[in-house]
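# Would you be able to build a 3D model of this:
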Amino acid sequence: MDGKGWSTWGEGVSFGLENGMAVIPYALLKYYRKLNLSGSEAMLLIHLLSFRQVEGIDFPSLEELQVVTGRSISVLAGELQKLMKEGFISIDGDNDELRDIHYERYNFSGLYGKLGAYLATVMQEHEHEQDKHAGGYATSAPRAASGGGFGGKPPSSPSQLGAEEESRNLFSIFEKEFGRPLSPMECETISSWVDQDRYPEELILLALKESVFAGKVHFRYIDRILLEWARNRVKNAQDVKNYTQKFRNGGR
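Now for the predicted structure:
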């Protein structure tokens with residue numbers, strides 16, 4: 001490289017440094033596969049960390065993440081949902097009483113905890129190997145990648161994969177009805193309906209339909225509908241029809 005080339009390179013480095021630097025845990029870069037993360041999921045975590053450190057944005061929108069990743073909002077929403085479901089990140093909410101503002105931010109303690117736990121198993125295995133070579137009788141250390149995942153976590157079963165695909169389909173339908181991308185909190189709500197409350201997809205879509213007809217297209221109203229149906233053992237389309245007819249006739 002000649003003098004001009006080095007000068008250009010130096011200017012590029014200088015420009016990059018002036019735009020800020022993010023501190024990324026090397027353990028994340030080295031061991032993300034051991035934590036059962038894909039490359040795109042690890043990169044999404046890196047972007048979230050970078051937004052906080054460089055941009056000062058604790059809760060970037062899906063649109064902001066789309067700009068830096070070049071990937072669709074529905075895919076990003078699905079990956080955020082997975083990261084939250086598996087405990088890598090969570091969402092904290094707080095209120096600024098002086099400015100009367102409610103704000104949210106991503107919490108990375110789950111990610112750091114998983115990295116720390118994995119590094120501990122690596123150290124244990126390293127010590128175990130040293131003891132073996134020295135003729136010692138150290139007890140076996142826990143396997144870090146047993147069963148294809150960190151901490152002995154088995155690969156996703158067909159039912160788990162089906163639930164994730166079901167959630168992504170629901171994301172798309174809700175976005176179409178709402179006429180906008182869903183927020184991470186809204187994606188988490190849908191995932192909770194599917195994974196924790198075990199509402200069938202059919203029932204969730206019927207509740208969405210009811211909210212559209214009532215002109216109250218928001219998540220609190222839909223959640224109240226689902227809760228009311230659950231209390232009255234409404235489990236499918238026919239039950240909804242019977243319950244609605246009963247309600248209109250003045251009985252509950």
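# Report the separation between His102 and Tyr199.
His102 sits 27 Å away from Tyr199, going by Cβ to Cβ, to the nearest Å. (C-beta placed from N, C-alpha, C; glycine too.)
# Between those two, which is the more surrounded one?
Tyr199 (21 against 8; other Cβ atoms under 10 Å).
# Look up the closest residue to the more buried one, ignoring the ones flanking it.
Trp193 (4.7 Å; Cβ to Cβ, 6 or more residues apart in numbering).
# so who does that neighbour touch?
Neighbouring residues of Trp193 by Cβ atoms under 8 Å, 6 or more residues apart in numbering: Tyr199, Ile204, Asp223, Leu226.
# and stretch 61-75, what's its mean pLDDT?
Stretch 61-75 shows a mean pLDDT of 91.
# What is the end-to-end distance of it?
14 Å (Cα to Cα, to the nearest Å).
# Now the residue nearest to Tyr199: which helix or strand?
Assessed by DSSP states H and E, Trp193 sits inside helix 184-195.
# List the buried residues in that helix.
Neighbour-count burial for helix 184-195, counted by 16 or more other Cβ atoms under 10 Å, picks out Pro184, Glu186, Cys187, Glu188, Thr189, Ile190, Ser191, Ser192, Trp193, Val194, Asp195.
# Adding distance to Ile24, write these out as CSV.
Formatted as CSV, the buried residues of helix 184-195 follow (distance: Cβ to Cβ, whole Å):
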residue, distance to Ile24
Pro184, 21
Glu186, 28
Cys187, 25
Glu188, 25
Thr189, 30
Ile190, 30
Ser191, 27
Ser192, 30
Trp193, 34
Val194, 32
Asp195, 30
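# Lowest pLDDT pick from the residues you listed?
Ranking the buried residues of helix 184-195 by pLDDT, Pro184 lands last with 77.
# if I look at Cys187, how far off is Leu111?
18 Å.
# same deal with Val234?
39 Å.
# So which of those two has more stuff around it?
Higher neighbour count among Val234 and Leu111: Leu111, with 24 against 21, using other Cβ under 10 Å.
# Contact partners for Asn236?
Pro200, Glu202, Leu203.
# Inside helices: which ones of the residues you listed?
Per DSSP state H, helices hold the following members of those: Glu202, Leu203.
# Top of the contacts of Asn236 by number of neighbours, please.
Leu203 (22 neighbours).
# separation between that one and Asp197?
From Leu203 to Asp197 the distance is 10 Å (Cβ to Cβ).
# Overlap of the contact sets of the two?
With Cβ under 8 Å, 6+ apart as the test, Leu203 and Asp197 both reach Leu226.
# which SS state does Tyr103 fall under?
strand (DSSP: H, G, I helix; E, B strand; the rest coil).
# How far off centre is the helix holding Trp193?
10 Å (Cα atoms, centre = their mean, to the nearest Å).
# Ok, stretch 75-93 next?
Centre to centre, stretch against its chain (Cα atoms, centre = their mean), the figure for stretch 75-93 is 1 Å.
# That one: which residues count as buried?
Neighbour count says stretch 75-93 has 76-86, 88-89 buried, by 16+ other Cβ under 10 Å.
# That stretch spans what distance, first to last residue?
24 Å.
# Pretty sure Asp92 sits in a strand.
Yes - counting by three-state DSSP, Asp92 falls inside a strand.
# That one and Tyr106: what is the separation?
For Asp92, the distance to Tyr106 - Cβ to Cβ - is 8 Å.
# Give me the local confidence score for Tyr137.
pLDDT at Tyr137 comes out at 45.
# hang on, I meant Glu129
Reading off the model, Glu129 has pLDDT 75.
# low-scoring stretches of the stretch 51-200 of the chain, by residue?
96, 132-168 (pLDDT under 70).
# show me where it has helices.
62-69, 73-85, 109-133, 158-178, 184-195 (DSSP state H, counting those that start in this stretch).
# Nice, that's everything, thank you.
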